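*Asks:* Here is my input, please return the structure:
(4 chains)
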Number of protein chains: 2
Amino acid sequence: MNRVTPKIQTFAQDCESCPIRHRAVCARCEADELQVLEQIKYYRSFEAGQTVAWAGDNMDFVASVVTGIATLSQTMEDGRRQMVGLLLPSDFVGRPGRSRSAYDVTAATNLVMCCFRRKPFEELMLSTPHIGQRLLEMTLDELDAAREWMLLLGRKTAREKIASLLCIIARRDASLQLSQSQGELSFELPLTREAMSEYLGLTLETVSRQMSSLRKEGLILTEGKRRITIPDFDKLLEETGDDSDGGFLV
Amino acid sequence: MNRVTPKIQTFAQDCESCPIRHRAVCARCEADELQVLEQIKYYRSFEAGQTVAWAGDNMDFVASVVTGIATLSQTMEDGRRQMVGLLLPSDFVGRPGRSRSAYDVTAATNLVMCCFRRKPFEELMLSTPHIGQRLLEMTLDELDAAREWMLLLGRKTAREKIASLLCIIARRDASLQLSQSQGELSFELPLTREAMSEYLGLTLETVSRQMSSLRKEGLILTEGKRRITIPDFDKLLEETGDDSDGGFLV
DNA sequence: CATGCTGTTTGATCTACATCAAGGAGTTTG
DNA sequence: CAAACTCCTTGATGTAGATCAAACAGCATG
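*Replies:* The predicted model follows:
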């Protein structure tokens, strides 16, 4: 009973050609739509730390992450920051119509995005119901993730927050590499301590202390600053405070 | 320059007949769709405190709030609770397909919901693109609200949290009653101190203390336990920590 | 090879909020 | 109209995590 994989959809089952959402199974792509998408799409690369869009920008494109990681953040006037979303490969950003809120979109690692110019994309959406359907599914998943995160932010301890984040990243990472040894997971942390703290509603010092504490207790192993190995995933999962079968998904 | 109203869509502009979303302007209702919706809809009433659906239930309906207020909560194994959504009249609950997460849905006040049986609703959605469109818009708004709330949960002080909540409820309430004296808002708090604490990630004692503190400073006036009057909305808004023009929407 | 520079760790101290505890105000109930 | 209930307030005390501060590790730079 391996609890790591079940909830994970791997790229293996994906529709490679659907640029909207590689992650999910897509059996509805039709040639002419894809052709239109082909015409309005273009790629953009960003270096780690570069800003994709500032809060308040009128983004003239919508995009999906091809490789790398981007973060979605809000900032208060006095500089307090809260990350509100983590964009991993196949995740989508941008919305039809106006958003009331404004987020910074920042590359956490080197990043490649597949962009679609907004206007033609919106037109395509109107004429192609299933693209709207797809976006609805994705948005509902994001909403679920945001609400899980609200529980984390509002009620979890620092230790539980860290454990939760590590489990989520490990899960997502494992879903990309089909090879994984039983129970043991190893991955490169894509976030600095500061970015983690912004995500978890903590300070970077607290993040560092909790990481050290997990390390001392043998729940995680580290090589250098970024390489993390989880010798026993289930054991770390117990530290998250989640129901044992709660399937987090970011 | 009245900052209270601008972001609020009033019922005045609403399409009364569209059961999906009264709040937004709907110019796309077509007779035959409405007829189908008519056939599959039914009303349910709940008393304050009653549970509409438990976490883990397979809800066999989707629904929109007609009158009253419902809350969406998650609970951890050890009983820690976090409210993740507040459903006000015209808000929608339920989703096509399965949700990974499970929420309790509870009536905070007496509640009337307009329900649609799930199966036929989903079928209607497939055959009627604009209903999906509408749901996408609503879901994106909810996602924005959830993300605003993440900022609140992760980074705001207790005082800022209370001020934010009061401003949000006052705004929503004002949008329902067209009559409002300049700057002064008065409303009935639909939540107990405990419910507020669950929403804000605080304890009920802290909520009570902060309310008292705001009262002592004259930022709010109270009659009994529930009636709140905000003599100067802008002043209270300054306590929220938000950008002055940040338009919260729940 | 010193000189930064960026990201991290660890320690000492402080504080906002939680926790524990008691009592009050407004109801419903017998 | 007492008893019991629910919801709220206020006080005393405890603590998780913030803040302040110093130093270190890995890298790039001149």
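
*Asks:* What pLDDT does the model give residue A:137?
*Replies:* What the model reports as pLDDT for residue A:137 is 84.

*Asks:* Tally up the residues packed near residue A:223, please.
*Replies:* Residues lying near residue A:223 (other Cβ atoms under 10 Å in any protein chain shown) number 10. In short, each C-beta sits where N, CA and C put it, glycine included.

*Asks:* next one: residue A:117
*Replies:* Count around residue A:117 with other Cβ under 10 Å applied: 14.

*Asks:* Which residues are in contact with it?
*Replies:* Shown in contact with residue A:117 (Cβ atoms under 8 Å, 6 or more residues apart in numbering or on different chains): A:40, A:42, A:60-61.

*Asks:* mind checking how far it is from residue A:40?
*Replies:* Going from residue A:117 to residue A:40 by Cβ to Cβ, to the nearest Å gives 5 Å.

*Asks:* Who are the contact partners of residue A:44?
*Replies:* Residue A:44 neighbours (Cβ under 8 Å, 6+ apart): A:52, A:63, A:112-113, A:115.

*Asks:* and if you look at residue A:42?
*Replies:* The neighbourhood of residue A:42, defined by Cβ under 8 Å, 6+ apart, consists of A:114-115, A:117.

*Asks:* my read is it is in a helix, agree?
*Replies:* No: going by DSSP: H, G, I helix; E, B strand; the rest coil, the assignment for residue A:42 is strand, not a helix.

*Asks:* Report the beta-bridge partner residues of it.
*Replies:* Bridge pairing for residue A:42 (DSSP bridges) gives the partners residue A:115.

*Asks:* What's the local residue count around the closest residue to residue A:54 other than its chain neighbours?
*Replies:* Excluding the flanking residues, the one nearest residue A:54 by Cβ to Cβ, 6 or more residues apart in numbering or on different chains is residue A:104, at 5.8 Å. Neighbours of residue A:104 under the rule other Cβ under 10 Å: 20.

*Asks:* and if you look at residue A:79?
*Replies:* Counted with other Cβ under 10 Å, residue A:79 comes out at 6.

*Asks:* Phi and psi next, for it.
*Replies:* Here the main-chain torsion angles of residue A:79 (degrees, to the nearest 10) amount to phi 100, psi -10.

*Asks:* From residue B:57, how far out is it?
*Replies:* For residue A:79, the distance to residue B:57 (Cβ to Cβ) stands at 43 Å.

*Asks:* cool, residue A:50 as well?
*Replies:* From residue A:50 to residue B:57 the distance is 45 Å (Cβ to Cβ).

*Asks:* Break chain A into its domains for me.
*Replies:* With domains defined by automatic domain parsing, chain A comprises A:11-150, A:157-238.

*Asks:* Dump the ones you listed into JSON lines; add distance to residue B:186 as well.
*Replies:* JSON lines is the format used below for the domains of chain A (distance: least, Cβ to Cβ, whole Å):
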{"stretch": "domain A:11-150", "distance to residue B:186": "25"}
{"stretch": "domain A:157-238", "distance to residue B:186": "33"}
